[in-house]
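Peer 1: can't give you the sequence, but here's the structure:
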């Protein structure tokens, strides 16, 4: 009998539509001769599943099941592709943990840690990982522009600290723009991170591990004429993505090893992606960790899988089967 897989998409953030695109990509990547695949859509008001005839049926949140033709259908596995809350910050992971339903991504602690940019980079810094200098402001707090400039210099990036996207992010070059940028970032979350700008080559590296092996992908170099890898660069094609990255082999090797080390440090599961800047000294700086990377056909991870000579369907099957096996051991 086929295992029943939920592709869980949507969510409560402004990346709802991006999540739906990732769900469509996963629908193509997951082997539907092996699994019965359903799309589960989350909004603040309703969780629902799309049935084969296109109709929507409510999800029973008590056990993450639904009714079809008078029968209760229970999921064997959830592939989480919700960008932002509740799928990237540990909340959905905790829910599935309580129900003992295996899922694709990092656990609740690792997801919460990596979702909070400042907490994550400070944790990694304590483990010897090179990260940009940064300050954090919580809602209700103020931080004078003079203090920020004195500690971090200019330019800086001002962005939501507890958000999963580049929405609300500003590159501030002039002191007079600082407080407006902070207010804009607070429009996307309850904390703001202000980060020193590190000039250099931007690259990203994906990896995953199973009980049997570890796989690290070729790096992607990110080139854009925009001020940074913003929403337009990510989703509107305003970027050049080069895989493998045009950097020396020894730097590629060091970044791949660091990505695998970070995977273990945060206690990751499934596929993650680590974003780096390579400054002029050639020593990579970690920008952030993405534990729910995009999964459209043109997203970074599918690009890197193809460049590695691998097949996305095989990778998805490995991840699903690994988690199903691990659940039986718990």
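Peer 2: The structure has been received and is ready for your questions. Being a predicted model, the structure only gives us computed values, none of them experimental.
Peer 1: How about the secondary structure of residue 44?
Peer 2: Put simply, residue 44 is coil when judged by DSSP: H, G, I helix; E, B strand; the rest coil.
Peer 1: Pretty sure it sits against residue 13.
Peer 2: No. With contact defined as CB atoms under 8 Å, residue 44 and residue 13 do not form a contacting pair (10.4 Å). Any C-beta I mention is one placed from the backbone N, CA and C, and that applies to glycine too.
Peer 1: quick one, which of these two is more surrounded?
Peer 2: Between residue 44 and residue 13, counted using other CB atoms under 10 Å, residue 13 has the larger neighbour count: 22 against 10.
Peer 1: so where is the stretch 51-200 of the chain shaky, pLDDT-wise?
Peer 2: Scanning the stretch 51-200 of the chain for pLDDT under 70 picks out 164-165.
Peer 1: just the helices in it please.
Peer 2: Applying DSSP state H, counting those that start in this stretch to the stretch 51-200 of the chain gives helices spanning 91-99, 108-115, 117-126, 145-152, 178-186.
Peer 1: Residue 260 belongs to a helix, doesn't it?
Peer 2: Yes. Assessed by three-state DSSP, residue 260 belongs to a helix.
Peer 1: What count of nearby residues applies to it?
Peer 2: Neighbourhood size, residue 260 [other CB under 10 Å]: 19.
Peer 1: any idea how far it is from residue 268?
Peer 2: Applying CB to CB, to the nearest Å, the value for residue 260 to residue 268 is 10 Å.
Peer 1: and after the helix or strand containing residue 287, which helix or strand comes next?
Peer 2: Using DSSP states H and E, residue 287 sits in strand 285-290. Scanning forward in sequence from strand 285-290 by DSSP H and E, the next helix or strand is helix 300-307.
Peer 1: just the angle between that following helix and strand 285-290, please?
Peer 2: Taking axes from the mean of the first three to the mean of the last three CA atoms, to 10 degrees, one finds helix 300-307 and strand 285-290 inclined to each other by 100 degrees.
Peer 1: Chain neighbours aside, what residue packs nearest to residue 210?
Peer 2: residue 322 (4.0 Å; CB to CB, 6 or more residues apart in numbering).
Peer 1: Who are the packing partners of the helix or strand containing the one you found?
Peer 2: Secondary structure from DSSP H and E places residue 322 in helix 312-329. If you count contacts as 3 or more CB pairs under 8 Å, 6 or more residues apart in numbering; DSSP states H and E, helix 312-329 packs onto strand 3-10, helix 16-29, strand 77-80, strand 201-209, helix 300-307.
Peer 1: out of those, which comes closest to residue 123?
Peer 2: Of all the helices and strands packed on helix 312-329, strand 201-209 sits nearest to residue 123, with 18.5 Å by CB to CB.
Peer 1: May I see the buried residues of stretch 111-125?
Peer 2: 111-121, 123-124 (16 or more other CB atoms under 10 Å).
Peer 1: what does it contact?
Peer 2: With contacts defined as CB atoms under 8 Å, 6 or more residues apart in numbering, stretch 111-125 is touched by 88-90, 93, 105-106, 131-132, 134, 136, 159, 161-162, 164, 191, 193, 262, 265-266, 268, 272, 286, 288-292.
Peer 1: Stretch 173-181 now?
Peer 2: 145-146, 148-149, 154-156, 158, 170, 172.
Peer 1: How far does it stretch from one end to the other?
Peer 2: One end of stretch 173-181 to the other measures 11 Å (CA to CA, to the nearest Å).
Peer 1: so how far is that stretch from its chain's centroid?
Peer 2: Relative to the chain's own centre, stretch 173-181 is displaced by 28 Å; criterion: CA atoms, centre = their mean, to the nearest Å.
Peer 1: can you check stretch 141-153 too?
Peer 2: Worked out by CA atoms, centre = their mean, stretch 141-153 lies 29 Å from the chain centre.
Peer 1: same thing with stretch 6-25?
Peer 2: 12 Å.
Peer 1: any chance of the helices and strands packed on helix 312-329 in a markdown table, with distance to residue 65 too?
Peer 2: Converted to a markdown table, these look like this (distance: least, CB to CB, whole Å):
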| stretch | distance to residue 65 |
| --- | --- |
| strand 3-10 | 10 |
| helix 16-29 | 20 |
| strand 77-80 | 12 |
| strand 201-209 | 28 |
| helix 300-307 | 30 |
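Peer 1: of those, which approaches residue 35 most closely?
Peer 2: Relative to residue 35, the nearest member of those by CB to CB is strand 3-10, separated by 4.5 Å.
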